[in-house]
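**Q** mind looking at a prediction? Sequence and model below.
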Amino acid sequence: MDSYSSGGAPWHSQRAYIGRIVISEGVTSIGECAFEECTNVTSISIPDSVTELNEYCFYACESMKSITIPQSVTRIADGVFVACEKLTDIYYGGTDASWKHITSRNAGLGDNVTIHSTGVFTGKCGDNLTWTIDNNEVLTISGTGRIPDYNDSSSGGNNTAPWYGYAYQIKKVVLGSGVQNIGNNAFAGCYGMTDITIPDGVTSIGDSAFDWCSALTEISIPGTVSSIGSWAFSRCALRGVVTGKVEPYTRDGINEKIESLGAHAGSSVSSKTDYLICGENAGSKLEKAQALGVKILSPGEFFRMAGESV
């Protein structure tokens, strides 16, 4: 739908006779000043195809008491609801966090307006997996199958994970018992994620799967995982430590291997250490790791995690 200057919409001269607005499926945006001063409008139907409500599009629709906005909308611009004096309820198909993300501070919402976030974001990933993001900012993936490989954000949005557009609101990820692997870049950019549940049965974690999950300080990897891709935990806050001799690497070499998985190579064991690689002639670090409950890996287990044959 076109944008207009103030008073420029072709129906503007008839606005006093308009009581209901129905926007057809296929319209992707409601243009600037499109329905300004439609003072007798009480009902507006917005289809799922709409992604933008542009500046002042409902300015001074003063008889409108409520409106339903689908979760497809990703931008609500300045002035959209200015002078909508009777507006008290907005029913939004997304989550609380996404509403705050898409709505301009200057949209014109009065203190008496209540936002009812009525839905969740949901979709398919792979052939038999379903994902949902709820109002608790939890991404849940359920069903049976493999999470596909995705591109990172530098691809310009081409084949990124279907939840990437909502990554800003994901705080926790729960993978169902039927999930078999985690694909490349699956959760890359989920910078607010602090917790993930990976079930037994997951066998691999792809390249850069958790890249830029900068709030993720710990992760429990089940014993069924046999390979972890390059930079899987790049720019996370994980920590790995090695003790003893690990052939054929020098200490610097094995630390570089830890870094290649995206973890931080530490020199001492603490409660913040995520795993200890235990080589020959392990010293006091092993005892401390056992006391703290830190995950202990043999060199063979670590090399399999790193995708190397042993």
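**A** In hand now; what should we look at?
**Q** now do the domain split for this structure, please.
**A** 1-119, 120-237, 239-310 (automatic domain parsing).
**Q** would you single out the least confident of the ones you listed?
**A** Out of the domains of the chain, domain 239-310 stands lowest, with a mean of 78 (criterion: mean pLDDT).
**Q** quick one: contacts for Ile69?
**A** When contacts are counted by Cβ atoms under 8 Å, 6 or more residues apart in numbering, Ile69 is found next to Ile46, Leu53, Ile76, Ile90, Tyr91, Tyr92, Gly93. Backbone N, C-alpha and C define where each C-beta goes, glycine included.
**Q** quick one: the helices in the stretch 151-300 of the chain?
**A** Secondary structure of the stretch 151-300 of the chain (DSSP state H, counting those that start in this stretch): helices located at 251-260, 284-292, 299-305.
**Q** if we look at the second one, which residues are touching it?
**A** Right, helix 284-292. Residues contacting helix 284-292 (Cβ under 8 Å, 6+ apart): Val241, Thr243, Gly244, Ser268, Val269, Ser270, Ser271, Thr273, Leu276, Cys278, Val294, Ile296.
**Q** excluding its backbone neighbours, what's nearest Gly223?
**A** Closest residue in space to Gly223, ignoring its immediate chain neighbours: Asp200 at 7.4 Å, by Cβ to Cβ, 6 or more residues apart in numbering.
**Q** ok, so what distance separates the one you found from Val179?
**A** From Asp200 across to Val179, the span is 10 Å (Cβ to Cβ, to the nearest Å).
**Q** buried deepest among the helices of the stretch 151-300 of the chain, which one?
**A** The highest mean neighbour count among the helices of the stretch 151-300 of the chain, using mean count of other Cβ atoms under 10 Å, belongs to helix 299-305: a mean of 18.
**Q** helices or strands next to that helix in the packing?
**A** Applying 3 or more Cβ pairs under 8 Å, 6 or more residues apart in numbering; DSSP states H and E, we find helix 299-305 packed against strand 227-228, strand 275-278.
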